[in-house]
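*Asks:* task: produce atomic coordinates for the following.
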Amino acid sequence: MNLKHVLVSIFLCASLVASPTMPWLKNARGPSGSAPAPSYLVNQNFEGTGYDNSESWSETTSSGTVDEDYTGVVLLGSQSLRLNSNEGEVVDTKTSFTAQSTAWAFCLFQPKTWNSSVGDTQFYLADGSNNILAGMFVQNDGTVKFKVNGSSSAASATTLSLDQTYYVWIHYVTSGTCTLYMSTTSTRPSSDGSGAVVLTGTAAATNTSKVILYNGYFGGQFIFDKVLVSGSEIGNNP
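*Replies:* Predicted coordinates:
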């Protein structure tokens, strides 16, 4: 092969690698070098009958309702989860995953009616015995507290609105600082107030292995969708 043929071959190879029309040649970091999507320990969208993605969830119900096929108010796709609790009753649904010392959880959340009294933790990471490790604690006045290691933070500067969909992130760190983020947009906020919620707390030396959606004792109705748990960061617009 002469020099001309060598140069032509090099040019053709470079063109193939650079071609935007051949997506199988993109690097492992995705378009424009962005970070790859996290690998989810839980990925629940409540589509179809029951729970999707072959996940096993267990429910606690009494006179309240856990409806994972709810179509009355849909936050994403064709179905969402509705937790409707009567006074003095508890409803929840939960699933386990491999224990993590650091974990991220995410969901879409819409309050329909407040609890009649102090409120309850509606979305939280737990240990294998269902003890709350880090959870979103919505008050009956629409403010939010972050419950971590048995203690609740001060109330949020932001007051939630009924019928508004919120994006919720929880970052759990064993023996470290945990953070709750809430926003009306898919961009994870950086500070509390101005319509967003950012609250912190310090965790105990316990790994998390369960995610629980809960409503109990004081009534209320809440809608959830797109529940994710990952051992790596869950960022904007997951």
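*Asks:* so how far is Lys145 from Thr184?
*Replies:* Going from Thr184 to Lys145 by C-beta to C-beta, to the nearest Å gives 19 Å. In short, each C-beta sits where N, CA and C put it, glycine included.
*Asks:* how about Thr179?
*Replies:* Using C-beta to C-beta, Thr179 is found at 13 Å from Lys145.
*Asks:* need the residues touching each of the two.
*Replies:* Leu199 (C-beta atoms under 8 Å, 6 or more residues apart in numbering).
*Asks:* more neighbours, the two?
*Replies:* Lys145 (23 against 18; other C-beta atoms under 10 Å).
*Asks:* so what sits opposite that one in the bridge?
*Replies:* Beta bridges link Lys145 to Phe137, judged by DSSP bridges.
*Asks:* average model confidence for the longest strand seen in the chain?
*Replies:* Determined from DSSP state E, the single longest strand within the chain is strand 87-100. Across strand 87-100, pLDDT averages out at 91.
*Asks:* tell me the helix or strand right after it.
*Replies:* Downstream of strand 87-100, the next assigned helix or strand under DSSP states H and E is strand 102-113.
*Asks:* show me which positions of that following strand end up buried.
*Replies:* 102-111 (16 or more other C-beta atoms under 10 Å).
*Asks:* same check on stretch 156-170?
*Replies:* Residues 156-158, 160, 165-170 are the ones in stretch 156-170 that count as buried (16+ other C-beta under 10 Å).
*Asks:* the residues you listed: which two are farthest apart?
*Replies:* Of all pairs drawn from these, the greatest distance, 19.7 Å, lies between Ala157 and Thr165 (C-beta to C-beta).
*Asks:* tell me the domain boundaries of this structure?
*Replies:* If you go by automatic domain parsing, the domain ranges for the chain are 1-36, 40-230.
*Asks:* for Thr98, see how far away the spatially most central residue of the chain is.
*Replies:* The residue lying closest to the centre of the chain (C-alpha atoms, centre = their mean) is Phe106, at 1.0 Å. Going from Phe106 to Thr98 by C-beta to C-beta gives 17 Å.
*Asks:* ok, Ser153 next?
*Replies:* Relative to Thr98, and taking C-beta to C-beta, Ser153 is found at 28 Å.
*Asks:* so where's the protein uncertain?
*Replies:* 1-37, 63, 118-119, 217 (pLDDT under 70).
*Asks:* helices of that one, residue ranges please.
*Replies:* 3-18 (DSSP state H).
*Asks:* Ala203: how many residues sit nearby?
*Replies:* For Ala203, the number of neighbouring residues by other C-beta under 10 Å comes to 21.
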